[in-house]
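Undergrad: Got a predicted model here, sequence first, then my questions.
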Amino acid sequence: MIPPVIDVNAPSGEKEIFQLLKDTNSKKFKDCLVFHSLNYPQGTEKNKKQSYEFFGESDFVILVPSRGLINIEVKGGKISREDGIWYTNNRFGKHKIKDPFKQATNSLFKIGGYLKTKDILIPQDYLVIFPDCEFDTTGIEISDQNLVSGEINPKLLNTLNNIIENHLIEANGRFHPKESDLNQIIKVLRPNFTSNLSSKNLLNQSRKQIDKFTNEQIKILESYNSNRLIVTGGQGTGKTIIAEEIAKKKLLEGSVLFISSGRLRNEETKIRFKDFNNFHCFTFHNFINKIIKDIIKKEIPKELSDKINSLKFEDRTEFFLKFISDTILEAENLKKYDFLIMDEMQNYCHYDEFYGVFGSIIKGDLKEGKWYFFGDFDYQNLWSNSISDEIKKKNPKLYLRDLNPETHQLTYNVRNAQQIVVHSPFLSGVAKEKLPSRPFIIKIEGQIKHYFENSVKHKIERLEKIIEDLKKRNIDGNEIVILSSNRIDNPKNYISSSNIANFFKIIDLTQISKFGTDIIKSDEKNCIYFSTSHAFQGMESKIIILTDPLTSPIENHKINEADYSNSKDLKNLITYNAMGRANTFLYVIWDKIHEKYVNQQIGKALKMQDEVSL
């Protein structure tokens, strides 16, 4: 059984079926895998659930390794059909329900359609169960061989056995699954959220606390059939996870173009979707370069290349987009995608020709096409202050409002420990009173430790001491990431001058060109990771060591003062985003000049923490 227990709030009929399948000693079911129980929040009523999984609204899916798949739909209460409309009558009264046989067969076809894209054609069948009533009506739409009602023991096992022996047969180009097919099939059926979270990035305690989607996330996932969707929310609210969940669903229907801003986050998404040949994943700038080459169909001419190289980074991107906008309509055989999903959109939507270019590469353009945009337009724009006003204008909620997209805002931080959620906005200066996101309803434990040093030498010694202590506590290196505003070869970055190598090998994530199967490898326990704060956007680690936060205020060491804006200046946003990369433990090595400021901000944060803990 996957998972091995059933939710205490599950309907009684599903509990009965779960227990019967779990306890059976039948040899025919010995090697079967039974999938059940989508991760809805406790208390969500069955009739309010809309599945976002690959198998539609299935209650159970049974994988019989040597035979095929059986999809099961369970309907409780007294079931009836009047003038073609289905009803159930239970303790909440009589109300309409979907046709259970159509639900079961639709889910069956969705699974089969997806497996077909993997060149897997296996026998499938369905079963409808009415555990609370005897139902003896049959007809063209109702097969008594695919129905169990009333007392389900032993009828359920007998019916399943009949389906296995007589329905899961090789016919019409479908063949019994091979052993090599099983892993692919399991990936389709496995519940998503709990299995997709990287266990190396969460403490066991935190992992158990965040094992279900929040209600506001469920509401978004139930909107996957919307053609146009905009989701906003602060860091840690689950935007990327939801974007990937929607991508999985849309892959059943066509090609998906998935755009993100950071290379590390982009590589991690590629790894998750490596088995999907209709999934196309790029960073924003890599995709722009690809389109340029697709249009020109050869190497960029030297004269044009020299002009491009003479431009500053932002101007170069504007040039590329203008060039694409002027030529894309005349380009031959340029690929257009069925679905466009854009993550961390706040980092690249401000360019003049942005919406025109990306509207041209999806079928139907922005007006009629299908797109899903995710971003934090308030606290995660890590670009220069000079374009912040332009980003506000190009916020898709404003810029595309005439297209009437469905919009949602995520408010709960489900990634970080409560102390990190509450303290980091004050420490970074991005908040005065209101938090960018709310701590999760269940308190997630964690800790921030601050150190104040007045010289590079003392900072290096402090960093080495932190690493040494973590090593003595048997913390694996792959659970630790060091962040800095500066690259590791920058003279302002003191990491390369330290003796960390005495404890762990340092891997610079910004310098790796090919990652293989993982970004942070679970088996490399003697390696510690470094990244710039910019590059690590969208990523996370159980332990973050942040060096020299707020490194860009105007400082005057002679009078021991610093300029703190308490605003969304670049230095504040970089620091806030870096702190938010820590799931559980955050170590911050400050310059001594910031000690008074930090203590003041901690006082404000403690007051806020008391309020949210009530």
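TA: Right, received. Where do you want to start? Residues are numbered from 1 along each chain as shown.

Undergrad: alpha carbons only for contacts and neighbour counts from here, please
TA: OK.

Undergrad: now the strands for the stretch 451-600 of the chain?
TA: In the stretch 451-600 of the chain, the strands defined using DSSP state E, counting those that start in this stretch lie at 480-484, 505-508, 527-532, 541-547, 555-556, 561-562, 582-591.

Undergrad: Next: the stretch 101-250 of the chain.
TA: 124-130, 147-149, 228-233.

Undergrad: As a markdown table, the strands of the stretch 451-600 of the chain with mean neighbour count would be great.
TA: As requested, the strands of the stretch 451-600 of the chain are arranged in a markdown table below (neighbours: other CA atoms under 10 Å):
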| stretch | mean neighbour count |
| --- | --- |
| strand 480-484 | 26 |
| strand 505-508 | 16 |
| strand 527-532 | 22 |
| strand 541-547 | 25 |
| strand 555-556 | 13 |
| strand 561-562 | 15 |
| strand 582-591 | 24 |
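
Undergrad: and the ones you listed as TSV, adding distance to K465?
TA: Putting these into TSV (distance: least, CA to CA, whole Å) gives the following:
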stretch	distance to K465
strand 480-484	14
strand 505-508	16
strand 527-532	15
strand 541-547	12
strand 555-556	27
strand 561-562	27
strand 582-591	11
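
Undergrad: Of these, which shows the lowest average pLDDT?
TA: Among the strands of the stretch 451-600 of the chain, strand 555-556 has the lowest mean pLDDT, at a mean of 40.

Undergrad: From the opening residue of stretch 94-103 to its closing one, how far?
TA: Stretch 94-103 has an end-to-end distance of 20 Å (criterion: CA to CA, to the nearest Å).

Undergrad: Of all the strands of the stretch 451-600 of the chain, which one comes closest to Q346?
TA: Smallest distance to Q346 across the strands of the stretch 451-600 of the chain (CA to CA): 18.9 Å, for strand 527-532.

Undergrad: all helices of the stretch 351-500 of the chain, in order?
TA: Per DSSP state H, counting those that start in this stretch, the stretch 351-500 of the chain carries helices over the ranges 354-360, 365-368, 388-394, 396-399, 418-428, 456-472.

Undergrad: Name the residues that touch the longest one?
TA: Contacts to helix 456-472, defined as CA atoms under 8 Å, 6 or more residues apart in numbering, come from residues 451, 453, 477, 494-495, 497-500, 503, 589.

Undergrad: One more pass at 7 Å, please.
TA: 453, 494, 498-500, 503, 589 (CA atoms under 7 Å, 6 or more residues apart in numbering).

Undergrad: Kindly report the same for stretch 587-600.
TA: Contacts for stretch 587-600 (CA under 7 Å, 6+ apart): 427, 448-454, 459, 544-549, 560-561.

Undergrad: now those residues: which count as buried?
TA: Buried members of the contacts of stretch 587-600, counted by 16 or more other CA atoms under 10 Å: 427, 448, 452-453, 459, 544-549.

Undergrad: just to revisit the earlier point, turn the strands of the stretch 101-250 of the chain into TSV, including mean neighbour count, mean pLDDT and distance to S180.
TA: Shown next, in TSV, are these (neighbours: other CA atoms under 10 Å; pLDDT from 0 to 100; distance: least, CA to CA, whole Å):
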stretch	mean neighbour count	mean pLDDT	distance to S180
strand 124-130	24	92	18
strand 147-149	23	90	31
strand 228-233	22	94	37
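
Undergrad: Confidence-wise, which of the helices of the stretch 351-500 of the chain is weakest overall?
TA: For the helices of the stretch 351-500 of the chain, where the average pLDDT is lowest is helix 388-394, sitting at a mean of 70.

Undergrad: In the sheet, which residues pair with the spatially closest residue to D548 that is not a sequence neighbour? Tell me.
TA: Nearest residue to D548, sequence neighbours excluded (CA to CA, 6 or more residues apart in numbering): W590, at 5.3 Å. Taking DSSP bridges as the rule, W590 bridges to F452.

Undergrad: now W590: how far from N599?
TA: 12 Å.

Undergrad: Least confident secondary structure element in the chain?
TA: helix 192-196 (a mean of 33; mean pLDDT, DSSP states H and E).

Undergrad: Return the residues in contact with E303.
TA: Contacts of E303 (CA under 7 Å, 6+ apart): none.

Undergrad: hmm, back to that, pipe the strands of the stretch 101-250 of the chain into JSON lines and attach distance to L251 per row.
TA: Rendered in JSON lines, the data for the strands of the stretch 101-250 of the chain read as follows (distance: least, CA to CA, whole Å):
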{"stretch": "strand 124-130", "distance to L251": "21"}
{"stretch": "strand 147-149", "distance to L251": "31"}
{"stretch": "strand 228-233", "distance to L251": "16"}
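
Undergrad: Mark which of the contacts of helix 456-472 are buried, thanks.
TA: Buried among the contacts of helix 456-472 (16+ other CA under 10 Å): 453, 494, 500, 503, 589.

Undergrad: Find the residue at the geometric middle of the chain.
TA: I241 (1.1 Å; CA atoms, centre = their mean).

Undergrad: Just the element for I341, please.
TA: In this structure, I341 sits in strand 339-342 according to DSSP states H and E.

Undergrad: That strand pairs with which strands, parallel or anti?
TA: As assigned by DSSP bridges, strand 339-342 forms pairs with strand 256-260 (parallel), strand 370-375 (parallel).

Undergrad: out of these, nearest to T532?
TA: The nearest among these, by CA to CA, is strand 256-260 at 17.2 Å.

Undergrad: between the buried ones among the contacts of helix 456-472, which is nearest N413?
TA: Distances from N413 to the buried ones among the contacts of helix 456-472, taken by CA to CA, are shortest for I589, at 24.4 Å.

Undergrad: K248: which of the strands of the stretch 451-600 of the chain is closest?
TA: Of the strands of the stretch 451-600 of the chain, nearest to K248 by CA to CA is strand 541-547, at 24.3 Å.

Undergrad: Check what contacts that closest one and list those residues.
TA: 201-202, 479-484, 581-590.

Undergrad: Next up, the contacts around the nearest residue in space to Q409 that is not next to it in sequence.
TA: Excluding the flanking residues, the one nearest Q409 by CA to CA, 6+ apart is T232, at 4.8 Å. Contact analysis of T232 by CA under 7 Å, 6+ apart lists 374-376, 408-410.

Undergrad: again, 10 Å this time
TA: Applying CA atoms under 10 Å, 6 or more residues apart in numbering to T232 gives the contacts 239, 344-346, 373-378, 397, 407-411.
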